[in-house]
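[1] Provided below are the primary sequence and the corresponding predicted coordinates.
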Amino acid sequence: MPFRALNLSDPVFRGVQAAGYTEPTPIQLRAIPVVLGGGDLIGSAQTGTGKTAAFALPILSRLGAHARGRQPRVLVLEPTRELAAQVETAFRDFARFTDLRALAVFGGVGYGHQRAELSRGVDIIVATPGRLMDYLKDGTLSLRDISVLVLDEVDRMLDMGFLPVVKDIIARCPKNRQTLFFSATVPPEIQAIASFALRNPTRIEVGVNRSVNQSVNHAVYPVSFEQKFDLLVALLAQANFDSVLVFSRTKHGADRIARRLKAANHSVAVLHANRSQNQRIEALAGFKSGKYEIMVATDIAARGIDVAGVTHVINYDVPENPEDYVHRIGRTGRAQAVGDAFTLVTPENAQDVRDIERFIGQKIPELRLEGFDYKPLAPRPPQSAPEKVRGMPAGTLRPRSGFRRFRSRR
Ligand code: AMP
């Protein structure tokens with residue numbers, strides 16, 4: 001079915017054409033009629049499936065072509081700054097033939113520019129919860145005119161501890177509104193928010209959120225802990241790559257890998273939550289433009305980032321949650337391109353890999369790099385000082401929350 005048949009407004013349809021989309025993706029086909037009809041929605045879909053357009057296009061169609069008033073009519077909540085910026089860009093692209101205004105507000109940058117933009121009036125706000133709450137509390141912004149509320153990546157918002165503030169924000173929106181809810185998984189905690197925020201929602205599961213993008217070739221490379229970095233360098237040397245995303249479990253690990261890759265003459269950017277907003281913007285822009293051939297990132301920082309042309313994803317560390325495996329390797333092979341995803345596996349991570357295989361319902365091929373001087377697979381030596389957890393004394397190990405346990409058991 002072509003986009004024309006979906007009854008989007010004329011300027012939004014032209015915006016879609018200008019974006020170069022020819023056919024709607026499955027989530028767009030199913031969600032757009034529901035949202036255009038004014039209904040509430042719980043949607044789950046794999047990243048890279050076109051989820052953003054699935055809500056942005058019908059929302060923009062319903063707003064009409066003209067800006068109105070000063071307070072926003074649409075609020076989209078996102079867990080990270082990068083996602084907020086990306087979703088703002090998508091709204092602006094699709095709305096280019098309207099005079100609707102979309103604005104992202106997120107923390108880590110000054111208030112002045114955002115306040116000035118807000119005072120000019122906006123139709124659509126894309127926000128991270130903390131910064132939005134600042135503007136609600138000081139009266140810069142009101143949610144009284146909100147007619148559509150989008151809660152995106154709800155499982156990740158919960159994981160990041162945003163639940164109380166998200167509930168507060170929902171309570172500040174008018175009761176008579178449309179609510180769209182997107183979450184990769186809907187465990188009981190998330191179901192509870194859904195029941196509180198939504199009315200008679202239509203459930204749309206594009207049932208692939210456990211599955212790996214068909215266009216990704218993925219494999220695990222067993223290696224002992226001491227040789228992980230050497231194998232990474234050897235894989236990079238033999239891979240014909242344009243841009244590589246390397247995932248680390250921890251922020252300090254990401255810094256360490258980046259330092260060593262730089263010393264090995266690679267151009268490297270780093271993306272994680274301890275970096276300043278400007279550093280993150282520079283890293284992403286540099287990676288997108290090709291200035292950096294490699295970006296080393298942690299899961300939360302990289303969640304949802306959309307970089308065209310990532311040819312390889314390398315999991316330097318096996319992800320903690322099986323779901324993150326799907327998210328990580330979904331960074332490559334996007335929009336029908338083919339990508340490779342490699343995971344380095346030390347003996348102590350063997351169980352994590354089995355959990356991932358169970359989660360995605362398939363066995364991941366195991367490979368050895370030819371010509372690499374493998375040492376016998378030895379267990380990891382005793383760990384050095386653990387990474388400090390924010391808000392806890394140094395040396396406190398990150399607790400595994402009930403939510404994480406719930407997810408990793410499945
Ligand atoms: P998302 O899942 O929203 O992050 O989208 C993933 C990528 O697919 C983005 O680069 C979109 O621009 C692109 N995309 C979304 N919908 C379509 C479509 N119907 N046709 C082609 N590309 C699309």
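    That came in fine, so what should we check first?
[2] which positions in stretch 45-64 come out as buried?
    45-63 (16 or more other Cβ atoms under 10 Å). Every C-beta, even on glycine, is put in place using the N, C-alpha and C of the backbone.
[3] distance of Ile169 relative to the ligand?
    Noted for Ile169: a distance of 22 Å to the ligand, by Cβ to the nearest ligand atom, to the nearest Å.
[4] state the number of residues packed around that residue.
    Neighbour count of Ile169, defined by other Cβ atoms under 10 Å: 21.
[5] next, count neighbours for Lys262.
    Around Lys262 there are 13 residues (other Cβ under 10 Å).
[6] excluding chain neighbours, give the residue nearest to it in space.
    Val268 (5.2 Å; Cβ to Cβ, 6 or more residues apart in numbering).
[7] what do you get for Thr98?
    Using Cβ to Cβ, 6+ apart, the closest residue to Thr98 is Ala65 (4.2 Å).
[8] in three-state terms, label the one you found for me.
    coil (DSSP: H, G, I helix; E, B strand; the rest coil).
[9] phi, psi of it?
    Note on Ala65: its backbone torsions stand at phi -100, psi -10 [degrees, to the nearest 10].
[10] again, but for the one 3 residues further on
    Dihedral pair for Arg68: phi -150, psi 130, per degrees, to the nearest 10.
[11] could you pull up the contacting residues of the residue in the stretch 51-200 of the chain positioned nearest to the ligand?
    Residue of the stretch 51-200 of the chain nearest the ligand, by Cβ to the nearest ligand atom: Thr52 (3.3 Å). Thr52 is in contact with 86-87, 90, counting by Cβ atoms under 8 Å, 6 or more residues apart in numbering.
[12] isn't there a strand covering it?
    No. Looking at Thr52 with three-state DSSP, it is helix, so not inside a strand.
[13] residues from the stretch 1-150 of the chain in reach of the ligand?
    Residues of the stretch 1-150 of the chain found near the ligand (Cβ under 6 Å from any ligand atom) are 21, 23-25, 28, 47-53.
[14] any chance of these in JSON lines, with pLDDT and distance to Ala237 too?
    Output for these, formatted as JSON lines (pLDDT from 0 to 100; distance: Cβ to Cβ, whole Å):
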{"residue": "Tyr21", "pLDDT": "90", "distance to Ala237": "37"}
{"residue": "Glu23", "pLDDT": "89", "distance to Ala237": "39"}
{"residue": "Pro24", "pLDDT": "91", "distance to Ala237": "41"}
{"residue": "Thr25", "pLDDT": "88", "distance to Ala237": "36"}
{"residue": "Gln28", "pLDDT": "93", "distance to Ala237": "40"}
{"residue": "Thr47", "pLDDT": "65", "distance to Ala237": "29"}
{"residue": "Gly48", "pLDDT": "69", "distance to Ala237": "28"}
{"residue": "Thr49", "pLDDT": "77", "distance to Ala237": "33"}
{"residue": "Gly50", "pLDDT": "87", "distance to Ala237": "35"}
{"residue": "Lys51", "pLDDT": "90", "distance to Ala237": "36"}
{"residue": "Thr52", "pLDDT": "94", "distance to Ala237": "36"}
{"residue": "Ala53", "pLDDT": "96", "distance to Ala237": "38"}
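[15] still on that earlier bit, highest neighbour count among the contacts of Thr52?
    Val87 (26 neighbours).
[16] in what helix or strand does that one lie?
    Assigned by DSSP states H and E, Val87 belongs to helix 81-94.
[17] what of Pro11?
    Using DSSP H and E, Pro11 falls in helix 10-19.
[18] okay, how far is it across stretch 233-253, tip to tip?
    One end of stretch 233-253 to the other measures 16 Å (Cα to Cα, to the nearest Å).
[19] any idea of the mean pLDDT for stretch 69-85?
    Mean per-residue pLDDT for stretch 69-85: 92.
[20] just the helices in the stretch 151-300 of the chain please.
    154-159, 163-172, 188-197, 228-238, 251-263, 277-289, 299-302 (DSSP state H, counting those that start in this stretch).
[21] please apply the same query to the stretch 1-150 of the chain.
    Under DSSP H, counting those that start in this stretch, the stretch 1-150 of the chain gives helices at 10-19, 26-36, 51-63, 81-94, 112-119, 129-137.
[22] farthest pair in the residues of the stretch 1-150 of the chain next to the ligand?
    When these are compared pair by pair using Cβ to Cβ, the two farthest from each other are Glu23 and Thr47, 19.1 Å apart.
[23] next one, pLDDT for the residue nearest to Val35 when sequence neighbours are not counted please.
    Distance criterion Cβ to Cβ, 6+ apart; nearest residue to Val35, sequence neighbours excluded, is Pro58 at 3.7 Å. pLDDT for Pro58: 98.
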